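[1] when you get a sec, could you give me coordinates for this:
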Amino acid sequence: MSDLGKNFDLAAARAKLEKARGRHYWRSLEDLASTPEFQELLEREFPRQAIGWSDDENPVEGRRNFLKLMGASLALGGLTACTRQPTEQITPYVRQPEELIPGRPLFYATSMTLNGVAKGILAESHEGRPTKIEGNPEHPATLGAADALLQASVLDLYDPDRSTNVLFQGEIRSWSDFYTNLRAVLAGQAAKQGAGIHILTETITSPTAADQLQRIQKLYPAVKWHQWEPAGPHSARAGAALAFAQPVNTYYDVSKANVIVSLDSDFLATGSAGFRYARQFAARRRVRGDQTAMNRLYVVEPMPTPTGSKADHRISLRAGDVEEFAWALATALGAANAPKSGDNAAIYQKVGPIAKDLQAHKGASLVIPGEHQPPAVHTLAHVMNASLGNVGNTVFYTDPIEANPVDQLASLQGLISDLDGGSVDLLLILGGNPVFNAPVEFGLKDRIQKARLRVHLSPLADETSEVCQWNLPEAHFLETWGDARAFDGTVSLQQPLIEPLYGGRSVLEVLNMLTDNPLLSTYDLVKGYWASQHKDADFEAWWRRSVHDGVIAGSALPAKTPAVRGEAASSPPPPRGLNGMLEVVFRPDPAIYDGRFANNAWLQEWPKPITKLSWDNAAIMSPADAQRFDVVPKEPLDYGMTGVPMVELTYQGRTLRAPVFVQPGHANGSVTLHLGYGRTHSGRAGTGMGFNPYGLRTSKALWQDVGLEVKKSSGTYLLAVTQNEHVLDTRRHIYRAADIEEYKKNPEAPHEGAEVPPRELTLYPEYSYNGYAWGMAIDLSACTGCGACVTACQAENNIAVVGKDQVRRGRNMQWLRVDSYYNGDPNNPTLGNQPVPCMQCENAPCELVCPVQATTHSAEGLNDMVYNRCVGTRYCSNNCPYKVRRFNYYLFSDFETPSLKLLRNPDVTVRSRGVMEKCTYCVQRINHAKIDAEREDRKVREGEIQTACQATCPTEAIIFGDINDPASRVSKMKAEKLNYAMLADLNTRPRTTYLASLRNPNPEMEA
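    This next block holds a predicted model:
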């Protein structure tokens, strides 16, 4: 049994940290406690669960079998290349499209929406098959970047569980059958002016859809349009109304802010403009040469986030106490007058220096409220930004980007009232899954069935589909035309790359069936609407340019300066006196969001930022609370093998059983639950995974509330957590950081304690890289740990999904991992992130031990894998000090499902069982660029090659290029004083190096 579970002592851990010299970084509580089990894990030569070709009952026979396999390895290495491809009939083009060149991808600008807000992307297409998503550099929201949700969206297109037919009460019908039924209902509604028609949608910002709804309401004046978005910015709308007495959209210019205060806002990783904010923030964190000016970030939050990991000061505070913190800060700034409360004296000690810092940077500061904080926090943020002179400099207001910015909770309650009154003849549910994600007390599953005719448009059968008579297959955004507004109102166009695979149709098409011109295509609808708006003679040229760019130039909404109401911050709430009460906090899951991506296996298997949990959610709490409730895991190193304790969470008379996850830095007195899990109808990947927090979520507590009761339950639960897989000894200066003032005084501060052997100290023969020499540099000051690079790599390189059972055994296949590091008190540590791809060592330890030369060195310094030579000895993995190699223990790749065959990148080999694989620096992209350069008789240009991880990174933390070119960005980064190589003392000479992380703490808060 682990020592951590038996006697882990927070006080003892703090004492140990105080005795440590310099910064001591740790990856987990087990690492901090230095349990014997953890030390054994560090020193183990073979990876955990690396069991194969063994015979426990007869070890002698097992050894003989091993020797037989090794004796045949050279022969196997030669024979595996001699395979026969199956004979299949193929059909050539009669006339090949002019722009299509086999083997060369095409890119199309389009957009994806989340909460109705558009994010511009470039979709990569191979011979008519979308295979990869990149950010659109012309789009104001993405700037060429993408997150894990965007990267994984292409997998949803080829999801084998998608709805393939129109169904009526479970029987296959056609779209014409549905249309006939719909028109009959509409004919009966004519006399009632559509009083029995109710349309329920998610948030709509599409100008074309808004125009359609207006036309429908002209035909049927009594029709009712309802909206519901379970993870929408409900509080932001209400807070703006309180502050300005009108609906207002808010966005920021982070690049101009010297001091930023985040009130429980993960603005660097989530939200409608997260990519843009991350790019702007990181640009102010880069220290190059004598340029040492940095911005400063304060973060107040209950649960550690990527934004919190970049904070110069992170304050761990219960979600319910953030409002009190906001009142205290506004009072210190002179923007409010709230009396001090004795409940949280610690809050007021920290507010003073922050307020002073903000006042010293008037007009160049920011206060950002969290989307999930109550309206009062948003109102106070508006008041503080106005008092600091930030409006028009770092804070901007526009009219709402939504077509109808209503209170969506009230909108849904209005629908329920009409359902209970029996007045709903036709209920059209266009997208969304309200039966699953509506507030639990609404009982929508039973109430929806009171509608006489129920229609649901969705990509796959879900919980709402179960209670509807008509189930219509929804088209993927890569299959249809559309438009939507971005965070600033910029209109983004959506164009299809492929015909609908299963005859699906979009929201625009179904809405159009209710109009007086129901046969128009989505192309005609979108183009026709914009033709009515742009009446110049050059419309066709304008339209082609807009479609090409993916955005309509000049369509951003104009900024305005609404006046803050004088009474907006005049009525602070009375002290609540809730210090001893436990709160429940609901948040969208980083991977599957509100549950809509539950059947996306890439996202399910993606190690979530900070927790590194995959395929599940859990009741996340602090180490102190875990001890308080006696639910510290007994074998924390083996979450996936021995399990973690279960707890019963009771709120408002409803109970949920869930496993415990202990998270350093989580606020005491708070339990975080990520939404979206516990699905009962969500395809093969999503059904039955995790636990359903919607069963506790009410309309009065959409995001947080006190009154939670926690009780230890019986049994344990297996979690798949990757934080302690591929672990490296943190005593060896794996992750390095320093404070900016410390660095200014001593530029060698990040390198203290590091040992770098002389270059000539090696038994390897020296090799001269006279041509290209590829290398990578990763700026840890810029990396937020968002994990977009992990999914981008998976999509680009045909990396297989292995499932929860294999992940918990340490067999996940992602080539790139992002390690989290902690420093300081376990209750409120400093966080750091470190992406770890293959190091592409010049003195690669893996190459010497391969008996069949399946891993070799290229003339350009790449550590190449020859898959058809590999016989699976795994010697290379055992000899890799960075633990970046992945082995196919089984046939993880799906060679049978037809739709998944369309997904794969044709430039990358699909691996099979018994083969080792790893990061290749996206060698296929390197070769494409080299071929183009050779054809044009030139060298590869700087920036012409971008690895998948580099291309998607919102902060541009990853830079790749030719290190033989002194003018290249990567060469310049490697010349910086902050540059270091991981485990340089081993003299492996890695081509991947890091720039140590720098922070800019406030000296007044360090005292």
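[2] any regions of the stretch 501-650 of the chain where pLDDT drops low?
    The model of the stretch 501-650 of the chain has pLDDT under 70 over residues 574-579, 635-640.
[3] confidence-wise, which helix or strand of this structure is lowest on average?
    Lowest on mean pLDDT, DSSP states H and E among the helices and strands of the chain sits helix 73-79, with a mean of 40.
[4] now do the helix or strand just after it: distance to the chain's middle.
    Heading C-terminal from helix 73-79, the first helix or strand you meet, by DSSP states H and E, is strand 106-114. Distance of strand 106-114 from the chain centroid (C-alpha atoms, centre = their mean, to the nearest Å) equals 18 Å.
[5] list the helices and strands whichever helix or strand comes after strand 106-114 packs on?
    Proceeding N to C from strand 106-114, the next assigned helix or strand is strand 117-126, under DSSP H and E. In terms of contacts (3 or more C-beta pairs under 8 Å, 6 or more residues apart in numbering; DSSP states H and E), strand 117-126 is packed against strand 106-114, strand 129-135, helix 148-157, strand 482-485, strand 491-494. (Each C-beta comes from the backbone N, C-alpha and C, glycine too.)
[6] need these in TSV (columns: distance to residue 241).
    Output for the helices and strands packed on strand 117-126, formatted as TSV (distance: least, C-beta to C-beta, whole Å):
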stretch	distance to residue 241
strand 106-114	23
strand 129-135	33
helix 148-157	29
strand 482-485	20
strand 491-494	25
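[7] tell me the contacts of residue 117?
    When contacts are counted by C-beta atoms under 8 Å, 6 or more residues apart in numbering, residue 117 touches 141, 203, 205, 272, 401, 484, 485, 486, 487.
[8] ok, so of those residues, who is nearest residue 825?
    Minimum distance to residue 825 across the contacts of residue 117 is 34.3 Å, recorded for residue 272 (C-beta to C-beta).
[9] now for the closest one: which residues touch it?
    Residue 272 sits next to 114, 115, 117, 119, 141, 486, 487 when contact means C-beta under 8 Å, 6+ apart.
[10] check the residue lying closest to residue 797 once chain neighbours are set aside and give its pLDDT.
    Closest residue to residue 797 apart from its sequence neighbours, by C-beta to C-beta, 6 or more residues apart in numbering: residue 908 at 5.2 Å. Listed pLDDT for residue 908 reads 93.
[11] so which of the helices and strands packed on strand 117-126 gets nearest residue 821?
    Closest to residue 821 of these is helix 148-157 (C-beta to C-beta; 20.6 Å).
[12] what mean pLDDT does that closest one get?
    The predicted model assigns helix 148-157 a mean pLDDT of 95.
[13] hmm, who's touching that helix?
    Identification of contacts with helix 148-157 by C-beta under 8 Å, 6+ apart yields 112, 114, 119, 121, 123, 130-133, 135, 142, 162, 459, 476-479, 498, 501, 590-591, 593, 597, 599-603, 606, 786-788, 790-792, 794-795, 903, 952.
[14] repeat for stretch 681-690
    Identification of contacts with stretch 681-690 by C-beta under 8 Å, 6+ apart yields 159-161, 460-463, 465-466, 592, 595, 598-601, 604, 615-617, 676-680, 804.
[15] again with stretch 236-246
    With C-beta under 8 Å, 6+ apart as the test, stretch 236-246 has contacts from 247-250, 369, 371, 374-379, 381-383, 397, 400, 405, 407, 562-565, 568.
[16] ok, so what distance separates the closest residue to residue 691 other than its chain neighbours from residue 675?
    Excluding its sequence neighbours, the residue lying closest to residue 691 (C-beta to C-beta, 6+ apart) is residue 658, at 4.5 Å. Residue 658 is 12 Å from residue 675, where distance means C-beta to C-beta, to the nearest Å.
[17] what of residue 937?
    Per C-beta to C-beta, residue 937 is found 56 Å from residue 675.
[18] which one of those two has more residues nearby?
    Taking residue 937 and residue 675 together and counting by other C-beta atoms under 10 Å, residue 675 has the greater number of neighbours (22 against 6).
[19] just the contacts of residue 117 now: which is nearest residue 919?
    Distances from residue 919 to those, taken by C-beta to C-beta, are shortest for residue 141, at 28.7 Å.
[20] surely that closest one is within a strand?
    No - counting by DSSP: H, G, I helix; E, B strand; the rest coil, one finds residue 141 to be coil, located in no strand.
[21] spatially central, which residue of this structure would that be?
    residue 148 (4.3 Å; C-alpha atoms, centre = their mean).
[22] hang on, the earlier thing: of the contacts of stretch 681-690, just the buried ones, PyMOL syntax please.
    The PyMOL command for the buried members of these (criterion: 16 or more other C-beta atoms under 10 Å) is given here:
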select buried, resi 159+160+161+460+461+462+463+465+592+595+598+599+600+601+604+615+616+617+676+677+678+679+804
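[23] now intersect the contacts of stretch 681-690 with the helices, please.
    Judged by DSSP state H, the contacts of stretch 681-690 include 601, 604, 804 as members of helices.
[24] not counting sequence-adjacent ones, nearest residue to the last one?
    Once its chain neighbours are removed from consideration, residue 804 has its nearest residue in residue 615; the separation is 3.8 Å (C-beta to C-beta, 6+ apart).
[25] could you list every residue that touches the one you found?
    Residue 615 touches 604, 605, 689, 690, 720, 803, 804, 807, counting by C-beta under 8 Å, 6+ apart.
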